[in-house]
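Asker: Sequence and computational prediction follow.
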Amino acid sequence: MSQVHIHKHEVKGTNLLISIVLNVVITIAQIVGGIVSGSLALISDALHNFSDVLSLIFSLVAHKLSRRKATINQTFGLKRSELLAAFVNAATLIIVAFILIYGAIERFFKPQEIESNLVIWLALLGILVNGFSVILLKKDADHNLNMKSAYLHLFTDMMASVAVLVGGLLMKFYGWFWVDSVMTILIAVYLIIVGSDLIKKSTKMLMLFTPEGIDIKEVVREVHKISGVGKLHHIHIWHLNEEEIHLEAHLECSEDFTLTEFDALLSKIELLVFEKFGINHITIQPEFKKEDPKDFIVQD
């Protein structure tokens, strides 16, 4: 296996830990406030916040596990743990959303008077706390799917608090208590949208789909331009994690190369696929006049 070493954005867990502590505080405050005020939107926001606390903890554990070194029994280490965390976090977003919708529909037909002042102040607190957490994780979210899942949980929390604030103001000045249910449903729909996108991306990586943006036929065309290459076949390209894209293939050589000559050819292929496609790990099985299927994709 050849590997191109690239500069990686160093994701640290400190900001995630700070966000966990802040969300524990806001969750407790919203649960108490929701019970006292009678606001379903506030309680639903607290429920969402609680799911976020669990998700953030899961993300933090996955982040720590992914940094473990490879062993004889774990030859890739635990690098894919962050993909699992992203998948689980996305799934929880969607589950929580449907729970909120069910509760909101029930409450819509039986609106209750709500202490709007308490709702407003706790919504403002939620916006400040989650907004700060979002800022903390924004940079890491751009480079890591696990961190992006945590970021999305916090971002939706912030948007949920904005929705609760709007609802609280409408209840205070117009007495529209049904708005509490409407805002809850809007929050839930947004959760389903962002959760579905994240679960789609993490599933593709976990199932070893060809990475988005990489055309295997284009990879083959470019490799075939290198002198000494016969035909590239039995090709697999996948994400190990977000930072590593692997290519595995058989290579029919045009000549009966020595090992030294093949190593030189391999270096050219390695540089090409990294510069053009961002593939930084390759494993090539050399062949010369071997009788086997020469299709690009062959079921092993």
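Answerer: Sure thing, it's come through.

Asker: A helix includes L272, no?
Answerer: Yes: assessed with DSSP: H, G, I helix; E, B strand; the rest coil, L272 lies in a helix.

Asker: Go ahead and confirm it touches H224.
Answerer: No: in this structure, L272 is not within contact of H224 by C-beta atoms under 8 Å, at 10.6 Å. Backbone N, C-alpha and C define where each C-beta goes, glycine included.

Asker: H234: which element?
Answerer: strand 229-241 (DSSP states H and E).

Asker: Which helix or strand lies directly C-terminal to that strand?
Answerer: Immediately after strand 229-241, counting by DSSP H and E, sits strand 244-253.

Asker: and that following strand, what does it pack onto?
Answerer: strand 229-241, helix 259-277, strand 281-287 (3 or more C-beta pairs under 8 Å, 6 or more residues apart in numbering; DSSP states H and E).

Asker: swap the cut-off to 7 Å and go again
Answerer: strand 229-241, strand 281-287 (3 or more C-beta pairs under 7 Å, 6 or more residues apart in numbering; DSSP states H and E).

Asker: Just the mean pLDDT for that strand, thanks.
Answerer: Strand 244-253 carries an average pLDDT of 94.

Asker: what pairs with that strand, and is each one parallel or antiparallel?
Answerer: Sheet pairing for strand 244-253, assigned by DSSP bridges, gives strand 229-241 (antiparallel), strand 281-287 (parallel).

Asker: Tell me which of those approaches L265 most closely.
Answerer: The closest approach between L265 and any of these, judged by C-beta to C-beta, belongs to strand 229-241 at 7.1 Å.

Asker: any idea where the helices of this structure begin and end?
Answerer: Assigned by DSSP state H, the chain shows helices spanning 14-37, 40-66, 81-109, 116-141, 145-174, 179-206, 216-224, 259-277.

Asker: Could you list every helix and strand in contact with the second one?
Answerer: Contacting helix 40-66 under the criterion 3+ C-beta pairs under 7 Å, 6+ apart are the following elements: helix 14-37, helix 81-109, helix 116-141, helix 145-174, helix 179-206.

Asker: so how far is it from its chain's centroid?
Answerer: 14 Å (C-alpha atoms, centre = their mean, to the nearest Å).

Asker: How about the shortest one?
Answerer: In terms of C-alpha atoms, centre = their mean, the centre of helix 216-224 is found 29 Å from the chain centre.

Asker: which helices and strands does that helix pack with?
Answerer: strand 229-241, helix 259-277.

Asker: quick check: mean pLDDT across it?
Answerer: Here the average pLDDT along helix 216-224 is 95.

Asker: quick one: low-confidence ranges for the stretch 51-200 of the chain?
Answerer: 111-114 (pLDDT under 70).

Asker: quick check: domain ranges of this protein?
Answerer: 2-206, 216-287 (automatic domain parsing).

Asker: How far off centre is the first one?
Answerer: The one in question is domain 2-206. 13 Å.

Asker: Over to the shortest one?
Answerer: In terms of C-alpha atoms, centre = their mean, the centre of domain 216-287 is found 29 Å from the chain centre.

Asker: Start and end of that domain, how far apart?
Answerer: Domain 216-287 has an end-to-end distance of 20 Å (C-alpha to C-alpha, to the nearest Å).

Asker: Now the residue most central in space within the chain. Nearest residue, chain neighbours left out?
Answerer: The centroid of the chain falls nearest to L145 when counting by C-alpha atoms, centre = their mean (3.2 Å). Spatial nearest neighbour of L145, chain neighbours left out: A86 (4.5 Å); criterion: C-beta to C-beta, 6 or more residues apart in numbering.

Asker: Sounds good, over and out.
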